[in-house]
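Asker: show me the folded form of this:
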Amino acid sequence: MREFFSESAQGSAGPHTRSRALPAYRGVLAVDAKGFTGHPAIEHEAISRAIPELLRTALTRAGLEELWDNRKFPASTGDGYVFGFDPALMPFVIHPLLLTLQDVLTDHNVLSYGVVPIRLRASLHIGPLPDTGDEFSGNGTARNDTHRLLDCRPVKAVLASHKENITHLAAILSQRCYEDAVASGYTGRHPDHFVEVAATVDGKPFAQQAWIYVPQPSGPLYEEAALADPAAESPLREDARPPETAGTQGPPVSNSAPHGNINTGTVHGGQSVSNHNVAGDHVEGSKAHRVRGFQGDQVHGDKYQGRP
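Answerer: Predicted structure coming up:
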């Protein structure tokens, strides 16, 4: 049996030709600076150098120095940074690290004079990734999906719509990460801190369920209203939609009538309805919501130029 698990045997054939052992499972943390390409080119190097230092400082403050010292396949992405780690530490990366990183970014942006302000998006995922120790280490689907989550519309919209002097970090967790570390109870944050979204990336064939977490919010994650654009995508999970629209492909259907008065049931006897300068009817019960604010960062040029 030993020859089946040898490194040479695993690397000697293409996919789907023989069974091979999975690579070790890794947690993956990736961060990306909001509006990086909007900064003058002279500031790009300073931002690229600052991001790993901010991560290292946050890990040290959170008591996770060993995670930084033992990180796997670390790499700068120009406007961000990525590395792998022991997935057993994922609950600690979610909390307290993300909250600590928010505090470190606050110090950097608000308390330090003359520095380039940095607001980050962060994504977390878990999956099998090879650790060969060279420049090709850590490549695989789990790492690709981590970067797709980092670029997805919901997390960009949240960071864009929250106040830049308060909210310096918005994070998104993969479904696997949420189930293993949060829903299981291992993370020191209640599931109510997390909001389920449909993670999609413009121009990419990517769509997954994921979870938004904002350590220091400065605005609502959703705004109350029916979707103004019938073609717009709703980020709501299925069970958050009104019962009459659950399972449908389009946005909720709304009824309307002149002056905001409407009755859709059977009326027995007389009925009198009047409006006194009220904008619409009073509604009780569950309402659908949508992601508030912009659908991503303002990008100058091709953000994905030079990337696979």
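Asker: wait, is Ala46 part of a strand?
Answerer: No. Assessed by DSSP: H, G, I helix; E, B strand; the rest coil, Ala46 does not belong to a strand; its assignment is helix.
Asker: Gly140 versus the spatially closest residue to it that is not a sequence neighbour, what's the distance?
Answerer: Beyond its immediate neighbours in the sequence, the residue positioned closest to Ala46 (C-beta to C-beta, 6 or more residues apart in numbering) is Val116, lying 5.5 Å away. Backbone N, C-alpha and C define where each C-beta goes, glycine included. Plainly put, Val116 is 33 Å away from Gly140 if you go by C-beta to C-beta, to the nearest Å.
Asker: got it, and Ile172?
Answerer: For Ile172, the distance to Gly140 equals 19 Å [C-beta to C-beta].
Asker: out of these two, which sits in the busier spot?
Answerer: Set side by side, Ile172 and Gly140 show unequal neighbour counts under other C-beta atoms under 10 Å, the larger going to Ile172 at 29 against 14.
Asker: show me where pLDDT drops low in the stretch 51-200 of the chain?
Answerer: In the prediction, the stretch 51-200 of the chain carries residues with pLDDT under 70 at positions 114.
Asker: spit out the contact partners of Arg119.
Answerer: Arg119 makes contact with 33-35, 105, 109, 159, 164, 167-169, according to C-beta atoms under 8 Å, 6 or more residues apart in numbering.
Asker: quick check: strands, which of those are part of them?
Answerer: Among the contacts of Arg119, the residues falling in strands (DSSP state E) are 33, 169.
Asker: between the contacts of Arg119, which sits nearest Ala24?
Answerer: Taking C-beta to C-beta as the measure, Ala24 lies nearest Leu169 of the contacts of Arg119, at 28.1 Å.
Asker: which non-adjacent residue is nearest that closest one?
Answerer: Beyond its immediate neighbours in the sequence, the residue positioned closest to Leu169 (C-beta to C-beta, 6+ apart) is Gln102, lying 4.5 Å away.
Asker: so that neighbour is in which element?
Answerer: Element membership for Gln102 (DSSP states H and E) is helix 98-106.
Asker: could you do Ala199 as well?
Answerer: Secondary structure from DSSP H and E places Ala199 in strand 194-200.
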